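> Model the following, please.
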Amino acid sequence: MKNFFVYFFSFLLLMNCTSKEKDFYTPVAYNLEIPTLFSDKLIAPIIPVDNPLTIEGVALGKKLFFDKILSKDNTQSCATCHTPSKAFTDNKQFSKGVSGNFGKRNTMPLFNLAWNFDELFTWDGKEFGLETQALEPVTNPIEMHADWINIAEKLNQNETYRNLFSQAFDSEKIDSTLVTKAIAQFERTLISGNSKFDKYLQGEATLTENETNGFNVFMDEERGDCFHCHGSNNNPLWTDNKFHNNGLDENFIDLGLGKITGDPNDNGKFKSPSIRNLAFTAPYMHDGRFTTLDEVINHYSEGLKRSSTIDPLMKKINQGGVNLTAKDKADLKAFLLTLTDNEFVNNPAFQK
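Numbers count the residues shown, from 1 in each chain. Okay, the predicted model is just below:
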């Protein structure tokens, strides 16, 4: 009888351990599809050690990105302002939040974020890291205007989400940290690198004469002189991800980086956005003041305004700009449009 009880309890212990093993789920690593040009010309993307990409984490992040449950009244999601078909912008000067209030900055597009090596996000660089960046829009009163405690409660009451978080992070207790980790994982998969110009660089497409001249204007320090801030054929991000005063104003209503650093020398500086996908991301600049590419080009050609923090790269400020000819303007625009990535905005992996 004694041996029976020994065997019986051993059996129960074994069954309990087996049950726990069955409940434990190991997420599967997600491999980014990195364009050849990126691999050849850039260092590896930034993937935090404490938030590796997994198939389950990316899928969960995508679901959260499109779910209106993250807003105060379940009427808006991240995708409300960051629409895939518009390169994750909304084509509005300022976006309206759940309470009907409008922001004062233009919605930034979302792509190639894993190669932002300084990891400073938003127009003024106030957020460090994608995970941190995803926290603020949920609680911002002019955006989703929610409370993270209430959001966590809503998600914890949802059986589907409990299961998804369990698989992605081995945790059924959902909080803001895990939510933003998942969203950041999805955002790191948003890679745009298959435009006509990308194909041209790989010998798979041919530029027109106008597009070729437009690229030369872009790279010519005596004409467009655009490459210092916006990349080149050797920088497929088409941005330096730095902050510049590009001569928009003589006096600043919005201090930009200066408000974050407290340094007057940073007043009026904003992040250089990538010039990929400009066909989808109008209006332009941090305040959406320019509705067309022609207006943007005219600004740099003859619309520069001097201020105390004007970037030294605006070398022809005394002439009001680079003073392009009509032909060079038209050709520059033609080149810029070769950076349009139709595959990116139609990628089913990025759709709801």
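
> can you tell me which residues contact the spatially most central residue of the chain?
In the chain, the centroid-proximal residue (Cα atoms, centre = their mean) is Leu110; its distance is 2.8 Å. Listed by Cβ atoms under 8 Å, 6 or more residues apart in numbering, the contact partners of Leu110 are His82, Ala87, Phe88, Glu187, Leu190. Where C-beta positions appear, they are placed from N, C-alpha and C, glycine not excepted.

> tell me which of those is nearest to Phe280?
Of all those, Ala87 has the smallest distance to Phe280: 4.2 Å, by Cβ to Cβ.

> can you put the contacts of Leu110 in a markdown table and add distance to Asp294, neighbour count and secondary structure?
A markdown table is the format used below for the contacts of Leu110 (distance: Cβ to Cβ, whole Å; neighbours: other Cβ atoms under 10 Å; DSSP: H, G, I helix; E, B strand; the rest coil):
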| residue | distance to Asp294 | neighbour count | secondary structure |
| --- | --- | --- | --- |
| His82 | 25 | 22 | coil |
| Ala87 | 19 | 25 | coil |
| Phe88 | 24 | 27 | coil |
| Glu187 | 31 | 25 | helix |
| Leu190 | 28 | 21 | coil |
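
> Now those in TSV, please, with extra columns for pLDDT and distance to Phe66.
Converted to TSV, the contacts of Leu110 look like this (pLDDT from 0 to 100; distance: Cβ to Cβ, whole Å):
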residue	pLDDT	distance to Phe66
His82	98	10
Ala87	98	16
Phe88	98	12
Glu187	98	12
Leu190	98	13
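
> Name the nearest residue to Gly193, ignoring sequence neighbours.
Leaving out its chain neighbours, the residue that sits closest to Gly193 by Cβ to Cβ, 6 or more residues apart in numbering is Pro35, at 3.3 Å.

> Which pair of the contacts of Leu110 spans the longest distance?
Greatest spatial distance among the contacts of Leu110 (Cβ to Cβ): Ala87 and Glu187, at 13.1 Å.

> Val49 versus Leu339, what's the distance?
As for Leu339, its distance to Val49 is 33 Å (criterion: Cβ to Cβ, to the nearest Å).

> neighbour-wise, which of these two wins?
Taking other Cβ atoms under 10 Å, Leu339 and Val49 do not tie; Leu339 has more neighbours (21 against 5).

> Leaving out sequence neighbours, find the closest residue to Glu119.
Once flanking residues are discounted, Glu119 sits nearest to Gly129: 5.1 Å by Cβ to Cβ, 6+ apart.

> picking that back up, A helix includes the residue nearest to the centre of the chain, no?
No. If the criterion is DSSP: H, G, I helix; E, B strand; the rest coil, then Leu110 is coil and not within a helix.

> need the contact list for the closest residue to it other than its chain neighbours.
Spatially, and ignoring its direct neighbours in sequence, Leu110 is nearest to Phe88 (3.7 Å; Cβ to Cβ, 6+ apart). Contacts for Phe88 (Cβ under 8 Å, 6+ apart) come out as His82, Pro109, Leu110, Phe111, Leu190.

> Would you format those as a markdown table with distance to Ser39 included?
Formatted as a markdown table, the contacts of Phe88 follow (distance: Cβ to Cβ, whole Å):
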| residue | distance to Ser39 |
| --- | --- |
| His82 | 26 |
| Pro109 | 22 |
| Leu110 | 21 |
| Phe111 | 17 |
| Leu190 | 17 |
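
> helix/strand/coil for Gln185?
Going by three-state DSSP: Gln185 is helix.

> That one: what's it in contact with?
Taking Cβ under 8 Å, 6+ apart, we find Gln185 in contact with Tyr30, Asn51, Leu53, Thr54, Gly57, Val58, Leu60, Gly61.

> now, among the residues you listed, which is nearest to Pro312?
Nearest member of the contacts of Gln185 to Pro312, counting by Cβ to Cβ, is Asn51, at 37.3 Å.

> how many other residues sit next to that closest one?
20.

> Ok, His244 next?
21.

> so it makes contact with Asp311?
Yes. With contact defined as Cβ atoms under 8 Å, His244 reaches Asp311; the gap is 4.5 Å.

> Mind listing the shared neighbours of those two?
Common contacts of His244 and Asp311 (Cβ under 8 Å, 6+ apart): Lys269.

> Helices of the stretch 201-350 of the chain, start to end?
209-219, 227-230, 257-261, 293-302, 326-336, 342-345 (DSSP state H, counting those that start in this stretch).

> is it possible to export those to CSV including mean pLDDT, mean neighbour count and distance to Lys41?
Rendered in CSV, the data for the helices of the stretch 201-350 of the chain read as follows (pLDDT from 0 to 100; neighbours: other Cβ atoms under 10 Å; distance: least, Cβ to Cβ, whole Å):
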stretch, mean pLDDT, mean neighbour count, distance to Lys41
helix 209-219, 98, 19, 16
helix 227-230, 96, 19, 14
helix 257-261, 97, 18, 27
helix 293-302, 98, 18, 25
helix 326-336, 98, 20, 19
helix 342-345, 98, 16, 18
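
> Quick check: which of those is nearest to Gln157?
helix 342-345 (34.7 Å).

> other SSEs contacting the closest one?
Using 3 or more Cβ pairs under 8 Å, 6 or more residues apart in numbering; DSSP states H and E as the contact test, no helix or strand touches helix 342-345.

> Off-centre distance for it?
How far helix 342-345 lies from its chain's middle: 15 Å, per Cα atoms, centre = their mean, to the nearest Å.

> check contacts around Asp175.
Residues counted as contacts of Asp175 (Cβ under 8 Å, 6+ apart) are Trp148, Ala152.
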